[in-house]
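Engineer: Sequence first, predicted coordinates after that:
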Amino acid sequence: MDKDLKPVTMMPTNSTVGMGELVEDTAGGRKLSAAVDDDEKRSEELGSAPFGLVYSSKEDARVRWKLDLILLPMMVCTYVLNYMDKVALSEASIFGIKEDLNLLGQQYSWSSSIFYLGYLVWQYPSSHLMQKLPIGRYFGVLIFLWGLTACTTAFTKDFATLCVNRVFLGVFESCMLPILTILISQYWTREEQPLRTSLWWSASAVGSFMADAITYGLSGSDHSGSKYAVWQVVYLVFGPMTMFWGVVVFLGVPASPSNAWFFSKRERDVATDRVLKNHTGIKNTEYKWNQVWECLRDPQPWILAIHAFLQCLQGGGLTSFSKIVLTQTLGYTSRHATLMAMPSNAIHLVSVVFACYVMIATNIIVLIGAVSVDTQNFRSYLPPVIYVNTVPFGLGMSMLSSNIAGFTKKSTASVMMFLGYCLGQFTGPQFFITHEAPQFQTAFKGFYSSVAAMIVLEIVLL
């Protein structure tokens, strides 16, 4: 046999979820045992690669490269636009939205937090819809709707209308992270998943950088003769970009490897076989309650969910308040604040890809450095708090997509993790208490404590 060709077989396993084992049939051939969730891997919707499929390493590499050059960039662009819309409120906070909408006291904090109420409420229905509907179609529709909602934010008139708008924005964006996590597990092998997860997760830095750059450019123009303030123009620029991208995703993201438009018939078989070897399931429209209960009894999804909550206490607060910290605490002008935020995005982009391999050590170093900051010198906050605030959320998502077997169990674990994400993002802005400005002592003490707790959970996961 050619050295580049490799026969593909399914190895026996002891797992009972989302996996199968080879058994001999009466003709002496091999088949998957029907007793072990066979339809997780060989549903009619998915199709299946022929048993004993033999393909070369070059074919394997060709499939991987097509995924990396077509599907992965689509995922990255989606997360870039998602994060641009997410940080738009932070951009607006220093360009007049608080004054124009007469936001008083903790109302700005609540307008930030309430986004995650919609996000939280829609998580469970979304997990069902992800399983029942073609994932690309569902994804594209919600991306279009969140872009439309971003546009309407420019026309809110007061705290109440802003909150209603933010709730719907949360509903439409709630599918994003779970779907990207599922797509990684559907198309890439277990060994390939961590790097790809880190790549799309680091796209948040690109989105934040682009949002800062666009806002910086818009704020340099004279808007005195315009009926729209800078913060309104920001939303009217970001929203239509997302709406257009929703159409692209609707048409471009396939439901599974077996019907990917960018693969030939042979490549679809290879792509399907590559991922079946993960033993974690690909796609199944049946919602399996036994996998839900198994997920709830498994400690790993709970640890990942709590870890996500602790991470997002920091991220939720600083996503909404980073520009306010730069202006009120550090004394920069509104334009300069957008400029000074850009280096943190570059650090984020580089560190997320590599820090997942040294997560515990990274968090310990950040914690030691952060608690030693001179609280009387406000500008000393800049490097340890604003610039070095990358949290290893991507590693948790990679663990979820790689280690959880069964499509329903994976979907349930994904929802649990993003419930933690929502609760953390919802709670984080409330640590910024108005009368504590500009130091915000409660916020930073809470963030340091959450990092310490994260280190403990990371040790437990070892």
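Structural biologist: That came in fine, so what should we check first?
Engineer: Centroid-nearest residue for this structure?
Structural biologist: The residue lying closest to the centre of the chain (CA atoms, centre = their mean) is Leu177, at 3.5 Å.
Engineer: Can you tell me the SS state at that one?
Structural biologist: helix (DSSP: H, G, I helix; E, B strand; the rest coil).
Engineer: Surely it touches Tyr421?
Structural biologist: Yes: using CB atoms under 8 Å, Leu177 makes contact with Tyr421 at a distance of 7.0 Å. Just so you know, the C-beta spots here come from the backbone N, C-alpha and C atoms, and that holds for glycine as well.
Engineer: Low-confidence stretches in the stretch 101-250 of the chain?
Structural biologist: For the stretch 101-250 of the chain, applying pLDDT under 70 flags the ranges 222-225.
Engineer: at 50 what do you get?
Structural biologist: Nowhere does the stretch 101-250 of the chain drop to pLDDT under 50.
Engineer: Which element is encountered next along the chain beyond the host helix or strand of Leu72?
Structural biologist: Under the criterion of DSSP states H and E, Leu72 resides in helix 72-93. Under the assignment DSSP H and E, the closest C-terminal helix or strand after helix 72-93 is helix 97-100.
Engineer: which residue packs closest to the residue nearest to the centre of the chain, ignoring adjacent ones?
Structural biologist: Spatial nearest neighbour of Leu177, excluding adjacent residues (CB to CB, 6 or more residues apart in numbering): Phe418 at 5.7 Å.
Engineer: For the one you found, which three-state class applies?
Structural biologist: helix.
Engineer: Now do the strands in this structure.
Structural biologist: 5-7, 22-24, 30-32, 54-56 (DSSP state E).
Engineer: Rounded mean pLDDT for the third one, please.
Structural biologist: Which is strand 30-32. Here strand 30-32 scores 38 as its mean pLDDT.
Engineer: go on, stretch 274-288?
Structural biologist: For stretch 274-288, the per-residue pLDDT averages 65.
Engineer: list the contacts for Arg274?
Structural biologist: Contact analysis of Arg274 by CB atoms under 8 Å, 6 or more residues apart in numbering lists 60, 63-64, 189.
Engineer: Which among those residues count as buried?
Structural biologist: Buried members of these, scored by 16 or more other CB atoms under 10 Å, are 60, 63-64.
Engineer: So which of the contacts of Arg274 belong to helices?
Structural biologist: With DSSP state H as the criterion, helices contain 60, 63-64 from among the contacts of Arg274.
Engineer: Could you find the lowest-pLDDT member of these?
Structural biologist: Among the ones in helices among the contacts of Arg274, Asp60 has the lowest pLDDT, at 90.
Engineer: roughly how far apart are that one and Ala271?
Structural biologist: Distance, Asp60 to Ala271, using CB to CB, to the nearest Å: 9 Å.
Engineer: got it, and Phe444?
Structural biologist: Distance, Phe444 to Ala271, by CB to CB: 47 Å.
Engineer: what about these two, which has more around it?
Structural biologist: Ranked by neighbour count (other CB atoms under 10 Å), Phe444 and Ala271 place Ala271 first, with 27 against 23.
Engineer: which ones are touching the more buried one?
Structural biologist: Ala271 makes contact with 63, 67, 187, 257-258, 260, 263, according to CB under 8 Å, 6+ apart.
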